[in-house]
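**Student:** Sequence first, predicted model second:
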Amino acid sequence: MSDFSSYEMSSVDRPVNRFQVNPVNHNKPNETIQLDVPQEVYRRLVNSDGEPLEDDTFNEDATEILNKQNLQRTQRQSIKSSFRDKDKPSRFKDQSQTTRFQVAPPNEEDSDDSSGSKDDRELLENEYDTKYGKSFRHFTREALPRLDNYRNIMSIQAAYRPTLDELHNATLTGKSASLNRNQDPEAGNMNGSLKFGWIKGVLIRCLLNIWGVMLFLRLSWVVGQAGIVEGFILILTTTVVTSVTSLSMSAISTNGVIKGGGTYYMISRSLGPEFGGSIGLIFSLANAVACAMYVVGFCESMLDLLKSFGLSIIDGGIQDVRIIGCITITILLVIVVVGMEWEAKAQIGLLIILLVAIADFLIGSLIGPKSELEKAEGFIGYNYTIFKQNLFSDYRVENGVHHDFFSVIAIFFPAATGILAGANISGDLKDPQKSIPKGTLIAILISTATYLFMVLVCAATVARDATGNLADVANGSFAFLNCTEPGQCHYGLQNSFQVIELVSGFGPLIYAGCFAAAISSALASLVSAPKVFQALCKDELYPKIVWFAKGYGKNNEPFRGYVLTFIIAVAFILIGELNLIAPLISNFFLGAYTLINFSTFHASLAKPVGWRPTFKYYNMWLSLVGSILCVAVMFLISWVTALITFAAVLALYLIVAYRKPDVNWGSTTQAQTYKNALMSVQQLNNVEEHVKNYRPQILVLSGLPNTRPVLVDFAYMLTKNLSLLVCGHVIRGTSSQRYRNYLQDRATTWFRKHNIKGFYSLVDGEDFESGTRALMQACGIGKLKPNILLMGYKNDWQTCDKKELDQYFNIMHKALDMYLSVAILRLPTGLDCSQILGDESSAAKIVNDIPRTLQPNESSADLMSADRSVQNGLSGSMDSLSRNVSQASSTSDLSFMTGTQVKEVSGLPDPVDPKSPQLLTNSLRKSKQKHNDPAFLYKGPGGVELPKEILMELTQFTRKRSHAVIDVWWLYDDGGLTLLLPYIISTRRTWQSCKLRVYALANKKAELEFEQRSMASLLSKFRIDYSDLTLIPDITKKPQETTTTFFNELIKDFVSSEKENGPSNVATEEESIITEDDLMAVQDKTNRYLRLREYLHEQSMKSDLVVMTLPMPRKNIVSAPLYMAWLESLSRDMPPFLFVRGNQTSVLTFYS
């Protein structure tokens, strides 16, 4: 046996911490290290927090492994690790990377080579036994259910799940576990970042924000106005609003991971970027201005304190407010910029001061009045009579305003706000899903209990009115309570804002509490505004603000946002007077509350499968009531500012809606859109069809829309704002799903760029005919199914392969068999614009110039075949079926065949390469060009400008026409579709001034005048305006010799003479399609169409569009080349020509 037995651990094509153990032999000993046994064979990999990355470990003791090799004593183990060739999958044994565990037996005489080989073979035979250290996942390509598999693909912790192609297709190799991802700074905890729990992160912040200056300056006045009963109702009303909002917020925050951005993040991911962006910007501004408002409140309290000592800085007024405010906001900025840890410590210090101030108030109420002066000012101590007097309301006129319940609640409500303080720093919380609901609800409970208790204390100890005159207290008199004249009393609950200080045991502590409340609220706002604004900037919903998205340090601090908030706050501090803007700030906060409640209601209403909040104590109707209450309070506070708030939200909403940001967050708005569409389609199924409601629903065989834009534009002209448009694309052979998705995205981008509302349907099949059959049969759902098949005219029908011509002809037969109407459009210059627009010329260049890596859904043979195809010049050659303009696949596509698989690689970057730049996505909304500018919509090879003549051809159905003429040759009654389609075109804005000229066939020349009157009457009853009506009397007349010669030239390659039976004509006879018998059978029809050609050249050569009834292709009567010769005779050398054949069902009616 060799000196050492070793275990080889081969990595597989999965994350690097998955190993496979196989025995190998070595002849040379490696350096050894002493390990005690039992010992784990390998150590688990851990992340930055010391948590294991995987759940599977090798739990078997080394003793069990050694027993398999008859080793009875303690072994010395040496470990040598090497990680090579990460990208090579483990199933390729000769390419595997190894991590070797070598076990050296101390007694070499106890083992020999033969026994070692035998043991090795035993291990190899038991390769699939997991007790040898293998993990189950290494015997399958499947990925086991793990959290990392469901992370965002851009997250650095995201794991790789094999694609369906990799699992389903045995020839495809797996992707390496090492993916190049950009680090997502919000994905999980980063090294060294500071994260808060629910107490420090949410509870303390919410309490400090809710316990504002109102607690010390306005609560006593509310008691004096509303009394105990209505005061309780008032406080509980505000609590209901905030509690319902918190329940809604709890539901949203527990429905998935919450990242930075707090309120904005929750609303935008629930209701979409439009609502989220508007409320995020307003909420950030509100916090910035609120910061200034709280600082000014602090300054005013400071001035009052200075005045009590007879001190001032300059004038004791607005100038002093500005000086103190600027100094204060600068100190707060320094605290915040130093770090969130210092800010958190400052918050704790402020909370302690606040709690001491509240305790001081309660202790002072128990002590009672400490002097006769305090008694004269209304502080009597606990007294039942005073309690009874204060039980009910006593609303009075103050500053010209007669207060009532609603006016008082409007003044008090800002004291209940602040519940979003914890949610706004969601990115700095350890577990936002648990912290936000728990901390916010407990903060509301504590603050509400505090307010209610302080209302009882104030009502039981302080009178509503007091003179403050010491003489009125003499000898135990209560004369100080008698205020008979208005303005006589300046003290008491109704008249003084210093009641809390009066009741307290030590007055300066109340000042300290006021300062702490103001500073803490300012500090919370100074932190919240930049955090929310940073998250908004990262999503690039608004222009020119992405500069503020950059974060610094371990906590990704928004220093730029701090500076911006500081500037805004200083600007409003310098104004000094914030009484006018305070209601607007409250309304901005209430607007956020409204949308939070509505988000929960909307998610519960839409019921997407992804709506699964772990917080269950919410109700959709309660959330709706909360949303309505928030709106009601907004108008109670100030109807003017409420309207301003709604106007601001609407304006910002429209900006985001107009910009159409390239984001997809799975909002409930998307879920509701699907639900509404589904319900509408189901309701439509119950609606019976009626001729008055007929709509032309078109399936157009366009291939990729960008290859035949004129055909798509024409189809959309018929369906715009009216009916369904589906662009069908047939790919020969099979294609991967990723490539199909790429084509879908490319078509959708083209639709959006050209402002066309249509759908793109892609099928792959053995050939064009089978693919088109699948499209016709499966396209659409319910009543939303195409009833017209629109094709391009087959220009190469004389030169193409017979099979292709038969397929084209058979598609018409199949459409008519399915009762679909058939329309064929022919343009003088053809429909395929791929070469003009540069796709084909750029395809080979891009495939050659850009290094094309092997993708997970390709084999190496695919890549080599693609390279060889391009090098051999296949980019310039396509089979004639693809060149055919009616063919659904584009001539600009390159077909790379590998076995039975065909891939069409179009002239854009590799569709399956995730690094490929998306050329048209973001440029659509960023471009300042109008969507109807042809120079912007169409570019030549390499992006060059196209000549004006070509642009005119490309936009012939989209540009405005003046004095256009449409000739309608209504030859046969097909239900009226031949007449309806040109009428629809005449109603379009670009063709509105066009004239309709109607041509019809007369039955008898002798009755020409009668038939013309009958046709005019019919058109009049159909309410179709026309400029001219002509009946063709001699359609049965023999055509001219030149016309007959022209027709014979068309079919000469397809006609064979049955009289010629020489051997040289055998091959010709086999390939011939039209016999003389066939020609004789339809001689009359042929003459008729040739005669029509003469009339067309005489009447319609200068028309802008010709619409004619399509000749009926009779089965087993007319062959494909003969039929195409009829169409060629009618449409050659003509203006744009549309053949139409209805399904013989009426689409026009003269009944009302």
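**Tutor:** Yep, it's here. Keep in mind it's a predicted model, so treat the numbers as computed, not measured.
**Student:** Would you check how far apart the nearest residue to Ile950 once chain neighbours are set aside and Ala823 are?
**Tutor:** Once flanking residues are discounted, Ile950 sits nearest to Ile836: 6.1 Å by Cβ to Cβ, 6 or more residues apart in numbering. Placement of C-beta: from N, CA and C, glycine included. Distance of Ile836 to Ala823, given as Cβ to Cβ, to the nearest Å: 24 Å.
**Student:** Strands along the stretch 1001-1150 of the chain, start to end?
**Tutor:** With DSSP state E, counting those that start in this stretch, the ranges of strands along the stretch 1001-1150 of the chain come out as 1028-1032, 1055-1056, 1074-1075, 1105-1109, 1137-1141.
**Student:** out of those strands, nearest to Ser736?
**Tutor:** Ser736 sits nearest to strand 1137-1141 of all those, at 37.0 Å, using Cβ to Cβ.
**Student:** just the angle between that closest one and strand 1105-1109, please?
**Tutor:** Per axes from the mean of the first three to the mean of the last three Cα atoms, to 10 degrees, the angle that strand 1137-1141 makes with strand 1105-1109 is 20 degrees.
**Student:** What is strand 1137-1141 packed up against?
**Tutor:** strand 821-826, helix 977-987, strand 1105-1109, helix 1120-1131 (3 or more Cβ pairs under 8 Å, 6 or more residues apart in numbering; DSSP states H and E).
**Student:** Show residues contacting it.
**Tutor:** Under the contact criterion Cβ atoms under 8 Å, 6 or more residues apart in numbering, strand 1137-1141 has outside partners 714, 793, 816, 821-827, 974, 977-978, 981, 1105-1112, 1127, 1130-1131.
**Student:** quick one: low-confidence ranges for the protein?
**Tutor:** 1-138, 152-159, 170-194, 339-340, 471-472, 474-480, 484-488, 576-580, 838-932, 1057-1072 (pLDDT under 70).
**Student:** so what are the domain limits for it?
**Tutor:** Using the TED database, the domain parsing of the chain gives 198-659, 697-838+938-959, 965-1056+1072-1141.
**Student:** of all the ones you listed, which lies closest to Leu684?
**Tutor:** domain 697-838+938-959 (4.8 Å).
**Student:** what about that closest one, how long is it end to end?
**Tutor:** 23 Å (Cα to Cα, to the nearest Å).
**Student:** still on that earlier bit, looking at Ile836 and Ala823, which has the bigger crowd around it?
**Tutor:** Ranked by neighbour count (other Cβ atoms under 10 Å), Ile836 and Ala823 place Ala823 first, with 26 against 20.
**Student:** roughly how far apart are that one and Ala518?
**Tutor:** 75 Å.
**Student:** Return the set of buried residues in stretch 373-391.
**Tutor:** Glu374, Lys375, Ala376, Glu377, Gly378, Phe379, Ile380, Gly381, Ile386, Asn390 (16 or more other Cβ atoms under 10 Å).
**Student:** Kindly report the same for stretch 520-535.
**Tutor:** Buried residues in stretch 520-535, counted by 16+ other Cβ under 10 Å: 520-535.
**Student:** which residues touch Phe588?
**Tutor:** Phe588 neighbours (Cβ under 8 Å, 6+ apart): Ile282, Phe283, Leu285, Ala286, Thr645.
**Student:** What ranges does the stretch 651-800 of the chain have for its helices?
**Tutor:** Using DSSP state H, counting those that start in this stretch, the helices of the stretch 651-800 of the chain run over 668-685, 709-719, 737-753, 768-778.
**Student:** and the third one, which residues are buried?
**Tutor:** Using 16+ other Cβ under 10 Å as the test for burial, helix 737-753 gives 738-740, 742-743, 746-753.
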